[in-house]
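J.: predicted model and sequence below, questions to follow.
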Amino acid sequence: MRWLLLVVALVAACGSSGDAPGDLSAVEAGVEVELEVPAGTLGFTVIVEGDVGPDDALGVQSLTAPDGTEWVLDFADALANGPSLLGEPGTGVAAARVPLVDDRAATVGALPAGRWKIQLGGISGSPKASERAPYVGTLHGTVSFLNTRDGLFHGGSLDLDLYIPDGLDTSDVDAMLDIAFPLVSRLFGIDRGEVRRHTIPARFLAIRDQATIDDANRLAESRLSAAVILTGNLMPDGEINGIVNCLPSAAGVGGTACSAVIVSLRAGPLWQTAATMIHELGHFTGLEHSTEFDLVHDRLSDTPKCEDMSKSALRSCLDRENLMFPSADVATSQETIEVSETQRAVFRSSAIVRVTN
């Protein structure tokens, strides 16, 4: 068996603010290909798309810098361990970002410029390991770059595209944004950018199943910004604050099941809604929960960890004030929310940020 790979050509020039995503043209071939990474690259995201069946999962199979550093190491394990190392099965989309969401993100600096080697692929077939096989078919890749003059962060801003269902009560949205943007500024050193509002069909006033979540994501346009779908009730019973389909998500690529985050305007303190939106955008950039409810921890050594995620113990968790803690109800206030240095570096190197050169 072999992976079906792509022959690709980088056709778009990329400027200081991630102007236009690079295009990896869809060519069906089984060879390793090259990706030209410009000088001064602070970070980039590769988005993979293709036609899939319900059990097919796509991903970046390998990614190697000109200096020989391997940035994707464990893709082959998906054949044995399942599709969790790739995009969600059946969505036809996946993303990988550099720097990876690990300890290297805080120290890597400017990424090596020049020709990187890349392979795109996936797995097909049954969720049973014995029945999975390499994906065979045509894939399309898009690369969203974030560039500065020296590949380092010197400040920037965050543009926001809000997708609002027709009829949704938005009387508190401006006040919520007046909390959210100062939170982004304090946590990440990123200023308020342009806010654009788009009306979407009223059927998204309540989003109660996975198919509607996917459909809502596909409404996001191809723009390097924070794409947020607002709703009044989020699956399955209105108790969920926010949700994202993919970590990382499809930065700069619209029309996919991974193109946005969804935030519920449920009753409660506005600062919790604001924090939820930034939390979900953290996921969009690739950040994981600091601690999952099953006690799986993120890959960042400088984030606090919790050892007891039972409901009665949540307020004793060392990471309960971390932005990426999975419960929004246990932080004290927006003033006490924090991120680690590596979490900050991951967010700052996402292509959705409009950086200062």
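T.: All right, it came through fine.
J.: please count neighbours and contacts with C-alpha atoms only from this point.
T.: Fine.
J.: show the average pLDDT along stretch 207-217.
T.: Here stretch 207-217 scores 94 as its mean pLDDT.
J.: alpha carbons of that stretch, as PDB, please.
T.: These are the backbone C-alpha positions of stretch 207-217, laid out as PDB (Å, rounded to 0.1, in the frame of the first residue of the first chain):
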ATOM      1  CA  ILE A 207     -27.800  24.700  16.400                       C
ATOM      2  CA  ARG A 208     -28.600  21.300  17.900                       C
ATOM      3  CA  ASP A 209     -26.900  18.700  15.700                       C
ATOM      4  CA  GLN A 210     -23.600  18.000  14.100                       C
ATOM      5  CA  ALA A 211     -24.900  18.500  10.500                       C
ATOM      6  CA  THR A 212     -26.100  22.000  11.400                       C
ATOM      7  CA  ILE A 213     -22.700  22.800  13.000                       C
ATOM      8  CA  ASP A 214     -21.000  21.800   9.800                       C
ATOM      9  CA  ASP A 215     -23.400  23.800   7.700                       C
ATOM     10  CA  ALA A 216     -22.900  26.900   9.800                       C
ATOM     11  CA  ASN A 217     -19.100  26.500   9.500                       C
END
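J.: what about it, distance to the chain center?
T.: Computed by CA atoms, centre = their mean, to the nearest Å, the chain-centroid distance of stretch 207-217 equals 17 Å.
J.: for that stretch, buried residues please.
T.: For stretch 207-217, a neighbour-count test (16 or more other CA atoms under 10 Å) marks 207, 213-214, 216-217 as buried.
J.: stretch 161-172 too?
T.: Applying 16+ other CA under 10 Å to stretch 161-172 flags 161-165, 168 as buried.
J.: among the buried residues of stretch 207-217, which ones are in strands?
T.: Ile207 (DSSP state E).
J.: give me the subset of the buried residues of stretch 207-217 lying in helices.
T.: 213-214, 216-217 (DSSP state H).
J.: tell me where the stretch 1-150 of the chain has strands.
T.: 22-24, 33-37, 41-50, 57-64, 70-72, 93-98, 114-125, 132-134, 139-147 (DSSP state E, counting those that start in this stretch).
J.: report the angle between the fourth one and strand 93-98.
T.: Okay, so that is strand 57-64. Angle of strand 57-64 versus strand 93-98, following axes from the mean of the first three to the mean of the last three CA atoms, to 10 degrees, is 20 degrees.
J.: who touches strand 57-64?
T.: For strand 57-64, contacts defined as CA atoms under 8 Å, 6 or more residues apart in numbering pick out 46, 48-50, 70-73, 75-76, 83, 86-96, 116-124, 135.
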